[in-house]
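1. sharing a model prediction with you, sequence too.
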Amino acid sequence: MVERLDPGWHRAILDILAASHLIAGNSLGDMLEAALAPLDLHPELFVADREQEHLRPLRAGAGDPLRIDGTLAGRAYQLGAVHEGGHDDGRRLLWVPLIDGAERLGVCRVVLPAHMNSTDPVLAEHCLAVAALVAHLTVSKAMQNDELAVARRSRPMSVAGELLWQLLPPLTVGGQGLALAAVLEPAYDVSGDAFDYAVAAARTDFAIFDSSGHDLSAGLTTSVTLAASRSARREGHGLPAIARRIDAALTEQFSDHRFVTGVLARLDLESGRLRYLVAGHPPPVLLRRGKAVRTLDAVLRMPFGRVATMMPQPDDLGEEFLEPGDRILLHSDGVVEARDETGEEFGVARLVELAEHAAAAQLPAPETLRRLAHAVREHRRGELRDDATLVLVEWSGSAAERLLAHLADNGRDRQSR
């Protein structure tokens, strides 16, 4: 972390804060350029698209999208570390990750003056501090500005996709001893899949849902499910009562027999005690020391909805005591049932194998899921036909620290490229 700001950088941060109150979201790039101009630095903001394949310039006309895989900009995004490179005019530049809390948003390209040392660690720390502030402003302005949303898209989004993305929490969150990340595909036409979480100091609730159907109707079903789950959770209810609230809400709102599969889980962050229930959904996979050790299927119930109200459902919960470093991988059936051109399914075994490889490489949770989602898409040779959702939860004393490794003193790649 920055121990003492240079006066010029201090002035730049004050200028950004002063301008941020009334500025529109699509003017963040102009605001940052004006604030860093006295330091002879030339920044440009790039945001990751929804499918996390490209980094797209926030300002129109600022260049072409950059691939995340195989570029220095993408490496800075993937690893959350400052990377050095060369500019077209021969000057050095830095690629600085844009991270709000634990949520990866994109990168900031900073072109340096000829006299400035690109390997100076203090320079990297100052750039990270400003980038964190801009990332936070980007998130705060996102709900007020369409241009920020459009900048993250490579094509139009369906009505169902618009509905669902507005309801979901950020894709990544970190807490004391916790890292949680999620991905949804197809990014622009997702309709019935969803995830949710609530992170407190000593406890984290998390869930995954998959509504029947693949259209706007499925999105409406998921919306009711999320609202019912949050309502019961925020009233202090346990997992069985949350499940019953979902059953009741779906039964009251819809006259047909639509249903939602899902997993509800509650993790005690101090002891590692995990309690869960599985409602007609693929059971989560427990990964320990980089290997899948078991599926979590001790307690199964009917899917949420009218069918669950027709017979008694168990109030018992599955229980698992996690060890430091354990990961819980949740997925919807659209992941393992994705088929290639020959009809071969992606399958649970392939998903687990890739998750094990990512764990062995010590990839942080969001980058693990980005690569898993791309593997599923490549298996399909294009767009997925069914919603595919992945959620990865890691519990350990170092989970959040690894997720925020970009803030550590050794978090930057100092090798000149």
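-> Thanks, I have it.
2. for the stretch 1-150 of the chain, what are the low-confidence residue spans?
-> With pLDDT under 70 as the threshold, the stretch 1-150 of the chain has low-confidence stretches at 1-5.
3. all strands of it, in order?
-> Secondary structure of the stretch 1-150 of the chain (DSSP state E, counting those that start in this stretch): strands located at 42-48, 54-57, 66-67, 83-86, 92-100, 103-111.
4. dump those to TSV, plus distance to residue 338 and mean neighbour count.
-> The way it works is simple: take the backbone N, C-alpha and C, and place the C-beta from them, glycine included. Converted to TSV, these look like this (distance: least, C-beta to C-beta, whole Å; neighbours: other C-beta atoms under 10 Å):
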stretch	distance to residue 338	mean neighbour count
strand 42-48	22	22
strand 54-57	22	22
strand 66-67	23	16
strand 83-86	33	19
strand 92-100	30	25
strand 103-111	24	25
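5. so which of the ones you listed is nearest residue 160?
-> Closest approach to residue 160 among the strands of the stretch 1-150 of the chain (C-beta to C-beta): strand 42-48, 21.8 Å.
6. residues near residue 364, how many?
-> 26 (other C-beta atoms under 10 Å).
7. was I right to think it contacts residue 77?
-> No: at 11.7 Å, residue 364 does not count as touching residue 77 under the criterion of C-beta atoms under 8 Å.
8. residue 388: which of the strands of the stretch 1-150 of the chain is closest?
-> Counting by C-beta to C-beta, and looking across all of those, nearest comes strand 42-48 at 18.4 Å.
9. and the strands of the stretch 1-150 of the chain as TSV, adding distance to residue 268?
-> Putting the strands of the stretch 1-150 of the chain into TSV (distance: least, C-beta to C-beta, whole Å) gives the following:
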stretch	distance to residue 268
strand 42-48	33
strand 54-57	38
strand 66-67	41
strand 83-86	38
strand 92-100	27
strand 103-111	24
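10. please, where are all the helices along the stretch 201-350 of the chain?
-> 216-234, 239-253, 333-336, 348-360 (DSSP state H, counting those that start in this stretch).
11. give the buried residues for stretch 131-147.
-> 131-139, 141-142, 145, 147 (16 or more other C-beta atoms under 10 Å).
12. report the two of these separated the most.
-> Of all pairs in those, the most separated under C-beta to C-beta is 132 and 147 at 21.7 Å.
13. picking that back up, in helices only, show me the buried residues of stretch 131-147.
-> Judged by DSSP state H, those include 131, 132, 133, 134, 135, 136, 137, 138, 139, 141, 142, 147 as members of helices.
14. distance check, the first one against residue 279.
-> In this case it means residue 131. 41 Å (C-beta to C-beta, to the nearest Å).
15. and if you look at the fifth one?
-> Relative to residue 279, residue 135 is positioned 36 Å away (C-beta to C-beta).
16. what's the answer for the second one, then?
-> Shown here: residue 132 relative to residue 279, a distance of 39 Å by C-beta to C-beta.
17. likewise for residue 155?
-> Counting by C-beta to C-beta - residue 155 and residue 279 are separated by 34 Å.
18. the more surrounded of these two?
-> Neighbours per residue (other C-beta under 10 Å) separate residue 155 from residue 279, with residue 279 holding more: 25 against 10.
19. and the more buried one, what does it touch?
-> 243, 260, 261, 262, 263, 264, 300, 301, 302, 303, 304, 308 (C-beta atoms under 8 Å, 6 or more residues apart in numbering).
20. re the thing from before, and which of the buried residues of stretch 131-147 is nearest residue 387?
-> Proximity of the buried residues of stretch 131-147 to residue 387 (C-beta to C-beta) peaks at residue 142, which lies at 22.8 Å.
21. could I get the contacting residues of the residue lying closest to the closest one once chain neighbours are set aside?
-> The shortest distance from residue 142 to any non-neighbouring residue, by C-beta to C-beta, 6 or more residues apart in numbering, is to residue 148 (4.9 Å). If a contact means C-beta under 8 Å, 6+ apart, then residue 148 has 25, 26, 47, 58, 138, 141, 142 as its contacts.
22. just the ones in helices among the buried residues of stretch 131-147 now: which is nearest residue 162?
-> Taking C-beta to C-beta as the measure, residue 162 lies nearest residue 142 of those, at 13.6 Å.
23. is it true that that closest one touches residue 149?
-> Yes: Residue 142 is within contact range of residue 149, at 6.7 Å (criterion: C-beta under 8 Å).
24. wait, what's in contact with the nearest residue to residue 352 once chain neighbours are set aside?
-> Nearest residue to residue 352, sequence neighbours excluded (C-beta to C-beta, 6+ apart): residue 292, at 4.5 Å. Counting by C-beta under 8 Å, 6+ apart, residue 292 touches 285, 286, 352, 355, 356.
25. thought residue 101 was touching residue 173?
-> Yes: counting by C-beta under 8 Å, residue 101 touches residue 173, with 7.1 Å between them.
26. so between these two, which is more surrounded?
-> More crowded of residue 101 and residue 173, by other C-beta under 10 Å: residue 173, with 24 against 15.
27. please name the bridge partners of the nearest residue to that one once chain neighbours are set aside.
-> Distances taken as C-beta to C-beta, 6+ apart put residue 180 closest to residue 173, at 5.1 Å, once the chain neighbours are dropped. Per DSSP bridges, the residues bridged to residue 180 are residue 173, residue 393.
28. residues contacting residue 180?
-> Residue 180 makes contacts with 172, 173, 174, 197, 199, 204, 206, 365, 391, 392, 393, 394, as judged by C-beta under 8 Å, 6+ apart.
29. what about stretch 366-383, distance to the chain center?
-> Centroid displacement of stretch 366-383 relative to its chain, using C-alpha atoms, centre = their mean, to the nearest Å, is 14 Å.
30. ditto for stretch 355-366
-> 15 Å.
31. now do stretch 249-257
-> Counting by C-alpha atoms, centre = their mean, stretch 249-257 comes out at 31 Å from the chain centroid.
32. which of the residues in that stretch are buried?
-> Quick answer for stretch 249-257 (16+ other C-beta under 10 Å): 249, 250, 251, 254.
33. of those residues, which is the nearest to residue 336?
-> Closest to residue 336 out of those is residue 250 (24.9 Å), distances taken as C-beta to C-beta.
34. can you give me the end-to-end distance of stretch 142-160?
-> Length of stretch 142-160, first residue to last, C-alpha to C-alpha, to the nearest Å: 19 Å.
35. what are the phi and psi angles of the residue nearest to residue 214 when sequence neighbours are not counted?
-> Nearest residue to residue 214 in three dimensions, chain neighbours excluded: residue 191, at 5.6 Å (C-beta to C-beta, 6+ apart). Main-chain torsions, residue 191, degrees, to the nearest 10: phi -140, psi -50.
36. lovely, talk soon.
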